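Novice: model the following, please.
(chains A and B)
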Amino acid sequence: MDKRKNILVADDDVDYLFQIRLYLQNMGFEVTTVESQKEAEVYLESNKPDLVIFDLMMETEDSGFILSYKTKQKYPDVPVVIATAVASETGISFGLNTENEKRWIRADLYLEKDIRKEQLEKEIKKLLDQ
Amino acid sequence: MRNLKVLVVDDEPGICSGVKRILGKFTVSYPFMDEDRGFDVYEAYTGEDAIESIKGDPPDIVLLDNKLPGIQGTDVLDYINKNHRDIVVMIITSYASLELAVKATEKGAYDFIPKPFTPQELKSSMEKVTKHLFLKVMTKRLNKEGKEVRFQFLSVLSHELKSPLNAVEGYLKIMQERQAGENISDYDQIIERSLQRINGMRTLIMDLLDLTKIQSDEKEKQFENVNLLDITNNAIETVSPYAIQKDVKINLHAKDDINFYADPNDMEIVLNNLISNAVKYNYKAGKVDVYLEKDAEQITIKVSDTGIGMNQEETSKLFNEFVRIKNEKTKNITGSGLGLSIVKKVIDIYDGDIQIDSEPDKGSTFTVTLPF
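Specialist: So this is what the prediction gives:
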């Protein structure tokens, strides 16, 4: 058996962090949580996780995008997931639809925070298998 | 509709002519705009020239390179922020200085375009800016009717109400699925946190009720001669269980009874909020001093604490609705973000004033003056 995969989660909502950490741990992952873009940047300086999940709006409204860009710059092979509650709160959904968006937003997956846990597990395993 | 004026500030002539070429035939359409909008592009090769040009004929949009031969892009940005707030600034930057660009957006630039950019990248940025400009004009118009403010308030409010619901819902799901284990004690922390979030929501609703009271009943106020000393003592008593827990000492400094013609509910709102904040944002074993003074013209209420304090940027937004100062020191303190905005509204009704004097880690002093 290989080593357990490590997932970094950055989100300024401590409740969400607690909840997703529990779910991911129960799925068999090692989980590291940070509460801001800045902390995530510090962590990524010296650690390479197997997958990252970023909240979109932290210090600024596009913290997740900036983190995503920086992660891909340093670790092109690490899958990046951006998780937000934007759709459930505003009714606006903005996934990675066009090629242009995919190029700008360097995330591999765009997730709504209220995604079902089975779905979350499936998506993460798919990204890690690549 | 006239074309949008775009000033390109870059010492590389190639960039300027490139932008001219790309935007020359480009127009932006937006379902809410009656007509498509095109662009007139002109250029400046230094920051000094840019400022001269802006003085003479202010553009709608400035594409600003940060690295310039003389004064820097950020100086031009400062100038625009000070004198031409309507101009939308886009920073042109190489990826190497992405951090700088992020800083610039924090300083008031609308966005940044990484260099070198493709025509498509420039076009999508300009599309974004054009929509932004359009919405800004619309917002201004709506603002005059007060609609926008109400809309914004409601959308923030629904976010603030949803967020505890989401948290509690998530925790309940965890319990339902037995994610944390089979024993009820495995869920202690989850239950505690859920109760906290529900409590926070209750505070928010109570604060909201205060707020609607102020906004709706201005005419139904019950004015009477209020003894501020009594109200202050009540406020101190209300917060004292919490103060004892945090080992914070509250001292009241007042020479004699101070009477003021007001609605007692309003004075309670002011004193309760200021004194409870002074305890809430204090350090353990800290101190709160409350001063009540009166002279020929006004009443002065001063609440001073030895708490975590704030920097200038934080104090400047303190009275906005739903603003909570978010940092390492405040993350375990709950609040609705409405308290001080309510205090400010009440003080405004009495033509009074509130001043903050604060220093990080030293403490804050809130001074309220109410004229007779």
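
Novice: local confidence estimate at the residue of chain B at minimum distance from chain A?
Specialist: Nearest residue of chain B to chain A, counting by CB to the nearest CB: B:Ala167, 3.7 Å away. C-beta here means a position set from N, CA and C on the backbone, and glycine is covered the same way. pLDDT for B:Ala167: 89.

Novice: spit out the contact partners of the spatially most central residue of chain A.
Specialist: For chain A, A:Ile53 is the residue whose C-alpha lies nearest the centre (CA atoms, centre = their mean; 1.3 Å). The contact partners of A:Ile53, taken as CB atoms under 8 Å, 6 or more residues apart in numbering or on different chains, are A:7-11, A:20, A:81-83, A:111.

Novice: hang on, it in a helix?
Specialist: No: applying DSSP: H, G, I helix; E, B strand; the rest coil, one finds A:Ile53 to be strand, outside a helix.

Novice: bridging residues for it?
Specialist: Per DSSP bridges, the residues bridged to A:Ile53 are A:Val9, A:Val81.

Novice: please name the nearest non-neighbouring residue to B:Val28.
Specialist: Among residues not flanking B:Val28 along the chain, B:Thr130 sits closest, at 4.2 Å (CB to CB, 6 or more residues apart in numbering or on different chains).

Novice: show me what the helix or strand the one you found falls within is packed up against.
Specialist: Using DSSP states H and E, B:Thr130 sits in helix B:119-144. Counting contacts by 3 or more CB pairs under 8 Å, 6 or more residues apart in numbering or on different chains; DSSP states H and E, helix B:119-144 packs against strand B:4-9, helix B:13-24, strand B:61-65, strand B:88-94, strand B:111-115, helix B:147-176.

Novice: the residue of chain B closest to chain A: how many residues sit nearby?
Specialist: Using other CB atoms under 10 Å in any protein chain shown, B:Ala167 has 23 neighbouring residues.

Novice: over to the one 5 residues further on?
Specialist: Other residues near B:Leu172 number 13, with proximity taken as other CB under 10 Å.

Novice: what of B:Arg85?
Specialist: Neighbours of B:Arg85 using other CB under 10 Å come to 9.

Novice: can I assume it sits in a strand?
Specialist: No: B:Arg85 sits outside any strand when classified using three-state DSSP, being coil.

Novice: grab the nearest non-local neighbour of residue 57.
Specialist: No chain in the question, so chain A it is. Of all residues not flanking A:Met57 in the chain, A:Ser63 sits nearest, at 6.4 Å (CB to CB, 6+ apart).

Novice: if you could check chain B rather than the one you did, that'd help
Specialist: Sequence neighbours aside, B:Lys5 is the residue nearest to B:Asp57 in space, at 7.5 Å (criterion: CB to CB, 6+ apart).

Novice: I figured that neighbour hits B:Ile61, correct?
Specialist: Yes: assessed by CB atoms under 8 Å, B:Lys5 is found in contact with B:Ile61 at 7.2 Å.

Novice: show me where chain A has strands.
Specialist: Ranges of strands within chain A are A:6-10, A:30-34, A:51-55, A:80-84, A:109-112, based on DSSP state E.

Novice: chain center to stretch B:108-127: distance?
Specialist: Going by CA atoms, centre = their mean, to the nearest Å, the spacing between the C-alpha centre of stretch B:108-127 and its chain's C-alpha centre is 27 Å.

Novice: I should have written stretch B:164-182 there, sorry.
Specialist: Distance, centroid of stretch B:164-182 to centroid of chain: 32 Å (CA atoms, centre = their mean).

Novice: equivalent analysis for stretch B:282-289, please.
Specialist: 26 Å.

Novice: give me the buried positions along that stretch.
Specialist: Neighbour-count burial for stretch B:282-289, counted by 16 or more other CB atoms under 10 Å in any protein chain shown, picks out B:282-283, B:286-289.

Novice: residues from chain A in reach of chain B?
Specialist: Contact residues (CB under 8 Å from any CB of the partner chain) of chain A with chain B: A:12-16, A:18-19, A:22-23, A:26, A:35, A:60, A:66, A:69, A:85, A:88-90, A:100, A:113-114, A:117.

Novice: from those residues, list just the buried residues.
Specialist: When the residues of chain A next to chain B are checked against 16+ other CB under 10 Å, the ones flagged as buried are A:12-13, A:15-16, A:18-19, A:22-23, A:35, A:66, A:69, A:85, A:113, A:117.

Novice: neighbours around B:Leu228, how many?
Specialist: Counted with other CB under 10 Å, B:Leu228 comes out at 22.

Novice: now do stretch B:46-55: distance to the chain's middle.
Specialist: Relative to its chain's centre, stretch B:46-55 lies at 31 Å (CA atoms, centre = their mean).

Novice: list the contacts for the residue nearest to B:Asp57?
Specialist: Counting by CB under 8 Å, 6+ apart, B:Lys5 touches B:39-40, B:42, B:57, B:59-61.

Novice: interface residues of chain B facing chain A?
Specialist: B:98, B:102, B:105-106, B:120, B:124, B:155, B:158-159, B:162-163, B:166-167, B:170-171, B:174, B:177, B:179-180, B:190, B:193, B:197, B:326, B:331.

Novice: span of stretch B:300-314 from start to end?
Specialist: One end of stretch B:300-314 to the other measures 24 Å (CA to CA, to the nearest Å).

Novice: er, stretch B:101-113 I mean
Specialist: Stretch B:101-113: ends 9 Å apart by CA to CA.

Novice: mind listing what's buried in that stretch?
Specialist: B:101-102, B:104-105, B:109-113.

Novice: same deal with stretch A:59-73?
Specialist: A:62-72.

Novice: report the contact partners of the spatially closest residue to B:Asn66 that is not a sequence neighbour.
Specialist: Spatial nearest neighbour of B:Asn66, excluding adjacent residues (CB to CB, 6+ apart): B:Gly73 at 3.6 Å. Contact analysis of B:Gly73 by CB under 8 Å, 6+ apart lists B:9, B:47, B:64-67, B:91, B:104.

Novice: how deep is residue 120 tucked in, by neighbour count?
Specialist: No chain specified, so I'll use chain A. Other residues near A:Leu120 number 19, with proximity taken as other CB under 10 Å.

Novice: nope, chain B please
Specialist: Quick note: B:Gln120 (other CB under 10 Å) scores 11 neighbours.

Novice: and for B:Leu157?
Specialist: Counted with other CB under 10 Å, B:Leu157 comes out at 16.

Novice: check it and give its pLDDT.
Specialist: Per-residue confidence (pLDDT) for B:Leu157: 71.

Novice: roughly how far apart are it and B:Asp207?
Specialist: In this structure, B:Leu157 and B:Asp207 are 11 Å apart, going by CB to CB, to the nearest Å.

Novice: can you pull the domain assignment for chain B?
Specialist: B:4-144, B:147-196, B:220-371 (automatic domain parsing).

Novice: distance to A:Lys126 added to those domains, as CSV?
Specialist: Below are the domains of chain B laid out as CSV (distance: least, CB to CB, whole Å):
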stretch, distance to A:Lys126
domain B:4-144, 29
domain B:147-196, 22
domain B:220-371, 34
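
Novice: among those, which is nearest A:Glu30?
Specialist: domain B:147-196 (16.9 Å; CB to CB).

Novice: out of everything not next to it in sequence, what's closest to whichever residue of chain A sits closest to chain B?
Specialist: Nearest to chain B, among the residues of chain A, is A:Asp15, at 3.7 Å (CB to the nearest CB). Nearest residue to A:Asp15, sequence neighbours excluded (CB to CB, 6+ apart): B:Ala167, at 3.7 Å.

Novice: list the residues that contact B:Ile91.
Specialist: If you count contacts by CB under 8 Å, 6+ apart, B:Ile91 has them with B:64-66, B:73, B:77, B:101, B:104-105, B:109, B:111-113.
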